[in-house]
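Undergrad: heads up, no residue letters with this:
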């Protein structure tokens, strides 16, 4: 039986962004795939992709850039692109099925954020606002209320424009989240190896 690995998990000698499978060669296997934080990006309308790439590369973290269709990404072994398909919520479903505790999800999609928070992932909006277990219920309720108001013909206005202050808040929150996850993992006792 083999474990599915991404080229970014092997270090700098790999240069592809495609998902790859390798056989049971122990020298190619990771000791525990759950020890690496992965950043999942809901990329279709994400205004901070370049910032995510820079921070992820600085910390040596793999990034999965997920969109409905093809999207351009830098040619870096840490960055993989995923064309999840054009089906309704295909990209959201792809991310929600894989994100778990210790991973980071970047999205402004509140239902996706809710699914990922429930799975234990850290979720950050592009404006730097973290979605947490304490805040996601109210955020989802407000989103549903606004959707109902718009569908009944109420004029509610659109989202505010993205500002340099939002970009700065996002970078700060992402960096703090990565460091917090790294500290938590460093403090965990090593699993017994039998």
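TA: Thanks, I have the structure now. Just so it is clear, the structure is predicted and the values come from calculations on it, not from any experiment. Residues are numbered from 1 along each chain as shown.
Undergrad: from here on, contacts and neighbour counts on C-alpha atoms
TA: OK.
Undergrad: any idea which helix or strand comes after the helix or strand of the chain with the lowest mean pLDDT?
TA: The helix or strand of the chain with the lowest confidence, counting by mean pLDDT, DSSP states H and E, is strand 20-21 at a mean of 36. Going down the chain from strand 20-21, the next helix or strand is strand 39-42, by DSSP states H and E.
Undergrad: ok, which stretches of this structure are strands?
TA: With strands called from DSSP state E, the chain shows them at 4-5, 20-21, 39-42, 63-67, 79-83, 104-106, 122-124, 130-131.
Undergrad: TSV for these, including mean neighbour count?
TA: Shown next, in TSV, are the strands of the chain (neighbours: other Cα atoms under 10 Å):
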stretch	mean neighbour count
strand 4-5	15
strand 20-21	11
strand 39-42	25
strand 63-67	24
strand 79-83	21
strand 104-106	27
strand 122-124	26
strand 130-131	22
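Undergrad: Now tabulate these in TSV and tack on distance to residue 153.
TA: Listed next are the strands of the chain as TSV, based on distance: least, Cα to Cα, whole Å:
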stretch	distance to residue 153
strand 4-5	48
strand 20-21	48
strand 39-42	29
strand 63-67	30
strand 79-83	34
strand 104-106	31
strand 122-124	30
strand 130-131	29
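Undergrad: hey, least reliable of those strands by pLDDT?
TA: Per-stretch mean pLDDT for these is lowest at strand 20-21 (a mean of 36).
Undergrad: ok, residue 115 to residue 75 distance?
TA: Distance from residue 115 to residue 75, counting by Cα to Cα, to the nearest Å: 30 Å.
Undergrad: Need the contact partners of whichever helix in the chain runs longest.
TA: Using DSSP state H, we find that the single longest helix of the chain is helix 164-187. Outside helix 164-187, the residues within contact range by Cα atoms under 8 Å, 6 or more residues apart in numbering are 35, 37, 48, 51, 55, 102, 122, 124-130.
Undergrad: Tally up the residues packed near the nearest residue in space to residue 51 that is not next to it in sequence, please.
TA: The shortest distance from residue 51 to any residue other than its chain neighbours is 7.1 Å, reached at residue 171 (Cα to Cα, 6 or more residues apart in numbering). Close neighbours of residue 171, defined as other Cα atoms under 10 Å, add up to 20.
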